[in-house]
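K.L.:
No letters, just coordinates:
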């Protein structure tokens, strides 16, 4: 994904989060509620999508797989919000929204194997782990010798892998003995 598109998605996530007056750690279900949507946990069979977002009239519903770790479900819901705004046009493109019905996600695409999944992942990361706060929290942990990735993940209530990826994308740290560059 090019730098301009990446910046636009990060800005969109920031604008949505700030307009909802949300603070870290983001209450993702409250975010969905404030946006006029609902979150529903469902049993899924192997091979079925792990998460989906669909239009319900002028509102939306996000379904997520039951019994995942809370950090995983939080990221999944934020990821679906990414699809909702970026690919379905909710609140940002009335024409696209008017022609949207459902956007299905797949565990096989979760890690960005296509551009739309990468865009939704970036939105989720920027929404749950705002850049300014991420940098501030990382700087506060810089001198600690224990696991800063785990501590940042606890702070944002995200998985260690999502937190590590966000830190790498922001150039805050890279993988080494201390976790920071």
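P.N.:
The structure has been received and is ready for your questions. Being a predicted model, the structure only gives us computed values, none of them experimental.

K.L.:
all strands for this protein, in order.
P.N.:
37-42, 51-56, 59-65, 102-104 (DSSP state E).

K.L.:
would TSV of those strands with mean pLDDT and mean neighbour count be doable?
P.N.:
For glycine as for every other residue, the C-beta is placed from the backbone atoms N, C-alpha and C. Below are the strands of the chain laid out as TSV (pLDDT from 0 to 100; neighbours: other Cβ atoms under 10 Å):
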stretch	mean pLDDT	mean neighbour count
strand 37-42	94	15
strand 51-56	90	21
strand 59-65	92	20
strand 102-104	60	17
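
K.L.:
Using the record's assignment, carve the chain into domains.
P.N.:
What automatic domain parsing lists as the domains of the chain is 3-128, 130-181.

K.L.:
so what does the longest helix belonging to the chain touch, helix or strand wise?
P.N.:
The longest helix of the chain (DSSP state H) is helix 3-19. On a contact count with 3 or more Cβ pairs under 8 Å, 6 or more residues apart in numbering; DSSP states H and E, helix 3-19 meets helix 70-82, helix 115-128.

K.L.:
what do you get if the cut-off is 6 Å, keeping everything else the same?
P.N.:
Secondary-structure packing of helix 3-19 (3 or more Cβ pairs under 6 Å, 6 or more residues apart in numbering; DSSP states H and E): helix 115-128.

K.L.:
buried residues in the helix it packs on?
P.N.:
116-128 (16 or more other Cβ atoms under 10 Å).

K.L.:
Give me the mean pLDDT for stretch 75-85.
P.N.:
Averaged across stretch 75-85, the pLDDT comes to 95.

K.L.:
Need the contact partners of it.
P.N.:
Under the criterion Cβ atoms under 6 Å, 6 or more residues apart in numbering, residues 28, 39, 51, 53, 60, 62, 64, 90, 92, 103, 120, 123-124, 127-128, 162 lie in contact with stretch 75-85.

K.L.:
And those residues, which is closest to residue 5?
P.N.:
Ranked by distance to residue 5 (Cβ to Cβ), those are led by residue 123 at 11.2 Å.

K.L.:
Tally up the residues packed near the spatially closest residue to that closest one that is not a sequence neighbour, please.
P.N.:
Counting by Cβ to Cβ, 6 or more residues apart in numbering, residue 123 lies nearest to residue 82, which is 3.0 Å off, once chain neighbours are set aside. Per other Cβ atoms under 10 Å, the neighbour tally for residue 82 reads 30.

K.L.:
What distance do you get for the closest residue to residue 116 other than its chain neighbours to residue 155?
P.N.:
Closest residue to residue 116 apart from its sequence neighbours, by Cβ to Cβ, 6+ apart: residue 87 at 5.8 Å. The gap separating residue 87 from residue 155 is 29 Å, by Cβ to Cβ, to the nearest Å.
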